[in-house]
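> give the three-dimensional model of this entry:
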Amino acid sequence: MTDNPNNDQKRTFSEELEVAGNQLVERVRELIEEGNVRRLIIRNPEGRTLIEIPLTIGVVAGGALLVFYPVLAGLAAIGGLVARVRIEVVREEPDATVQDVKETVRDVRDELSDGQ
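Numbers count the residues shown, from 1 in each chain. Have a look, this model is predicted:
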C-alpha cells in the first residue's frame, strides 16, 4: 500500500466473504466482473489457502472472462468438495473517496468565502 498519489502503485484494502461451496463459482464470477478487484484468495473454513487468483486490470477491464474459465472450473471442483469457503477480496482503493471530495468542497467554499 502507498499513500503517494503520484506513485503508479494504488492503495488496496481487503474484505472477507463467506459463501457456500455451491455458490463459489457464481460469487467469484461476480467479483471478477466488478473490475476493482485485484486478487482473490479462496480459503477453507480453517483459514488454509486453497487457491489464489491474481487479476490484472487489462484482462478484467477488457471483459475477457473467457480467460478465467479454467479457473472457474477448478473452483467448481473445490466448491463441490467443501461446504463453506472464505473469499478474501483485495480491492483497489478509488482515487477519490467521499471524504476526500467533501474536504475539497469545504476548502473551495472557504477560499470563496475569504475572497468576498
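> C-alpha from now on. contacts and neighbour counts both.
Will do.
> tell me the mean pLDDT for the strand or helix carrying Arg106?
Assessed by DSSP states H and E, Arg106 sits inside helix 98-114. For helix 98-114, the mean per-residue pLDDT is 79.
> can you tell me, leaving aside adjacent residues, what's nearest to Val85?
In this structure, Val85 finds its nearest non-sequential neighbour in Asn44, 4.9 Å apart by Cα to Cα, 6 or more residues apart in numbering.
> who's in contact with the one you found?
Leu50, Val82, Arg84, Val85, Arg86 (Cα atoms under 8 Å, 6 or more residues apart in numbering).
> hang on, the earlier thing: off-centre distance for the helix holding Arg106?
29 Å (Cα atoms, centre = their mean, to the nearest Å).
> and if you look at stretch 11-18?
The answer for stretch 11-18 is 7 Å, by Cα atoms, centre = their mean.
> next: stretch 72-92.
15 Å.
> span of it from start to end?
Distance between the boundary residues of stretch 72-92 (Cα to Cα, to the nearest Å) amounts to 22 Å.
> and the contacts of that stretch?
10-25, 28-29, 36-45, 47.
> can you flag the buried ones in those residues?
10-11, 18, 21-25, 28, 36-44 (16 or more other Cα atoms under 10 Å).
> look at Gln85 and say how many residues are nearby.
Slight slip there: residue 85 is Val, not Gln. Neighbourhood size, Val85 [other Cα atoms under 10 Å]: 25.
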